[in-house]
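Trainee: my questions are about this predicted structure, shown below with the sequence.
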Amino acid sequence: MPRYKHIDTSPRFLAVDLEAQLLPGTFEHALNHLLDHEIDLSGFDARFNNDEVGASAFPPAMLLKVVLLAYSRGIVSSRGIERACREHITFVALSGDTCPHFTTIAAFVSGLGELIGAVFKQVLLICDAQGLVGREMFAIDGVKLPSNASKERSGTRADFEHQARKMEAAVSTMLARHRAADVGEAEPSLQAKEAQRIERLRHDARRVREWLADHPEDRKGSRGSVRKSNLTDNESAKMATSKGVIQGYTGVTAVDAKHQVIVQAQAHGTGSEQELLLPTVQALCDVLAPDTLITADAGYHSEANLAALARMKRDALIPDNGMRSRDARFDDSTKYKEAPDPLHDKSPAKKASTLYAPDAFTFDRDAHSCVCPAGQALYSNGRECKIDGYVAIRFRGSEAACGPCLQRDKCLRTPHKTRTRQVAFFVGKLTGKNLHTERMKQRIDSAEGRALYGRRFATVEPVFANLRHNKQLNRFTLRGQTKVDGQWKLFALVHNIEKLAHHGYAQ
């Protein structure tokens, strides 16, 4: 029988060269060199006031190293980072065999604020010096992520007033029941449970009242509409995603096409992408070249955004929602769409309309007349109307003709309610009103425009794949836009430092 050496994995003390654990070419080696020799962290010194008295603080460079390394490994929890500093040799090497408490790590991350923005700019300058930023094209896109806020705690001020009144009324009812029960003999355990519930309702009602006092007005949307607030994080927003409605933030990035370096990263408490385009472009002014092309998907398209970019003299390709319908390459794209799940999609199947469509009517533009399938002439409204950027002529049937018509069931959806049929015929596009949109359509529908815009997807989407899948970023763990923006920049820093490491930085 063969004999083998015994492999003993029991605990033991070993002499370890900590510096030798940071191998050249790895993320941790590039990170260690950056924060020790390249990045100015003097801005963090103002956070400490222990020159003469007080305990010594952990160096910000060490804390930033372990946080960034943890984020690169998909570890976001401060307790998980503390455990890694105690058990993982790479973390032990970066922290110098010190183990900061998880509360120290949590306070450091949540208090980064604008300081991390300065670090991000310095790393970006180093990426530029290494030739990783080409400035030929910047692709802008965003991802909606849930935050550390309860979706059920969202509403308007009127909603919160109603909730507070309901809780206060419930407390009054329960107290009245208590007083009535005091006459008889109630079980002590039931009395204790009701007392706990009363205290909890009072606490919740008091919190709502305090929030209402601190926020005397509703949040306003981009067009003056009321935007729902949130009791746990009022700077977050309710957003509709492909996975359902979430309470969170939108993380926006601008990515350079040369090596997919993130040149700008911001987090905003809104799901409207149109609102986020101009703030992102304005933040890019320091890195934009005069001929840099800015690309974004249709969610960022609006006539106002295109007009603003034209005033800023920024070259951009931002398509409208109808771009794919005009592109012959996407004619058969519908066959690749995933079929709805019959176990979850409970909506009734859509039935084909059996009503008369506009092409069933006889329209004569020159004579400005229209005849219905029953042979009755319709009245024109006398002028052209505007519908979704198009010019149309609208006709309406008379009550005398439509009322007794035997084909009402084929012409009207609700013949028992609707008196007459209306029909509109499109005769052309509006001119002047959507001038920038029309110019963008012509450019993006050209062969050159399609080729340039085709590069956008391959530029920005791999970045989100790296952050979402490889780094396991599935939610923000902080509250407040400033803190969430700092956390989003931390993940952008991880991505950019990885780019430096992969291209031989500090070897």
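Mentor: Everything's here; your move.

Trainee: residue 33 against residue 506, yeah?
Mentor: Yes - with contact defined as C-beta atoms under 8 Å, residue 33 counts as touching residue 506 (3.9 Å). For the C-beta atoms, the positions are set from N, CA and C on the backbone; glycine is no exception.

Trainee: and the biggest strand by length in the chain, what does it pack onto?
Mentor: Counting residues, the longest strand in the chain under DSSP state E turns out to be strand 244-256. Counting contacts by 3 or more C-beta pairs under 8 Å, 6 or more residues apart in numbering; DSSP states H and E, the secondary-structure elements packed against strand 244-256 are strand 137-146, strand 237-241, strand 262-268, helix 274-283, helix 447-465, helix 481-502.

Trainee: part of a helix, is residue 295?
Mentor: No - with DSSP: H, G, I helix; E, B strand; the rest coil as the criterion, residue 295 is strand rather than part of a helix.

Trainee: roughly how far apart are it and residue 288?
Mentor: Taking C-beta to C-beta, to the nearest Å as the measure, residue 295 and residue 288 are separated by 13 Å.

Trainee: just residue 148 next, same as before
Mentor: When distance is defined by C-beta to C-beta, residue 148 is 34 Å away from residue 288.

Trainee: buried set for the longest helix along the chain?
Mentor: Secondary structure of the chain read by DSSP state H shows that its longest helix is helix 188-214. Buried residues in helix 188-214, counting neighbours by 16 or more other C-beta atoms under 10 Å, are found at 194, 198, 201, 204, 205, 207, 208, 211.

Trainee: with stretch 101-114 instead?
Mentor: Neighbour-count burial for stretch 101-114 flags 102, 105, 106, 108, 109, 110, 112 (criterion: 16+ other C-beta under 10 Å).

Trainee: mind checking which of those residues land in helices?
Mentor: Judged by DSSP H, the subset of these located in helices is 102, 105, 106, 108, 109, 110.

Trainee: contact partners for the last one?
Mentor: Contact criterion C-beta atoms under 8 Å, 6 or more residues apart in numbering gives 478, 483 as the residues in contact with residue 110.

Trainee: model confidence for it, exactly?
Mentor: For residue 110, the pLDDT comes out at 93.

Trainee: same thing with the one 3 residues further on?
Mentor: With respect to pLDDT, residue 113 has a value of 84.

Trainee: next: residue 48.
Mentor: Taken from the predicted model, the pLDDT recorded for residue 48 is 84.

Trainee: how about residue 191?
Mentor: Reading off the model, residue 191 has pLDDT 69.

Trainee: hang on, residue 180 in a helix?
Mentor: Yes - when classified by three-state DSSP, residue 180 is found to be part of a helix.

Trainee: and it, how many neighbours?
Mentor: Residue crowding around residue 180 was assessed by other C-beta atoms under 10 Å; the count is 10.

Trainee: what about it, distance to residue 424?
Mentor: Plainly put, residue 180 is 67 Å away from residue 424 if you go by C-beta to C-beta.

Trainee: before we move on, what about residue 28?
Mentor: In terms of C-beta to C-beta, residue 28 sits 65 Å off from residue 424.

Trainee: out of those two, which sits in the more crowded spot?
Mentor: Under the criterion of other C-beta under 10 Å, the comparison of residue 28 against residue 424 puts residue 28 first, with 22 against 17.

Trainee: quick check: which element contains that one?
Mentor: For residue 28, the element it lies in under DSSP states H and E is helix 27-33.

Trainee: next secondary structure element downstream of that helix?
Mentor: Past helix 27-33, heading to the C-terminal end, the next element that is a helix or strand (DSSP H and E) is helix 60-72.

Trainee: that next one: which residues count as buried?
Mentor: Under the neighbour-count criterion of 16+ other C-beta under 10 Å, helix 60-72 has 60, 62, 63, 64, 65, 66, 67, 68, 69, 70, 71, 72 buried.

Trainee: can you check stretch 70-79 too?
Mentor: Within stretch 70-79, the residues that qualify as buried by neighbour count (16+ other C-beta under 10 Å) are 70, 71, 72, 73, 75, 76, 78.

Trainee: now those residues in a markdown table, with distance to residue 46?
Mentor: Conversion of the buried residues of stretch 70-79 to a markdown table gives the following (distance: C-beta to C-beta, whole Å):
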| residue | distance to residue 46 |
| --- | --- |
| 70 | 25 |
| 71 | 24 |
| 72 | 28 |
| 73 | 30 |
| 75 | 28 |
| 76 | 26 |
| 78 | 23 |
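
Trainee: just the residues you listed now: which is nearest residue 8?
Mentor: Nearest to residue 8 among the buried residues of stretch 70-79 is residue 73, at 28.0 Å by C-beta to C-beta.

Trainee: check that closest one and give its pLDDT.
Mentor: 95.

Trainee: number of residues surrounding the closest residue to it other than its chain neighbours?
Mentor: Distances taken as C-beta to C-beta, 6 or more residues apart in numbering place residue 84 nearest to residue 73, at 7.7 Å, with adjacent residues excluded. Using other C-beta under 10 Å, the number of residues around residue 84 comes to 22.

Trainee: now residue 84: which helix or strand?
Mentor: If you go by DSSP H and E, residue 84 is part of helix 78-87.

Trainee: any idea how far whichever helix or strand comes after that helix is from the chain center?
Mentor: Counting by DSSP H and E, the next helix or strand C-terminal to helix 78-87 is helix 89-95. On the basis of C-alpha atoms, centre = their mean, to the nearest Å, the separation between the geometric centre of helix 89-95 and that of its chain is 34 Å.
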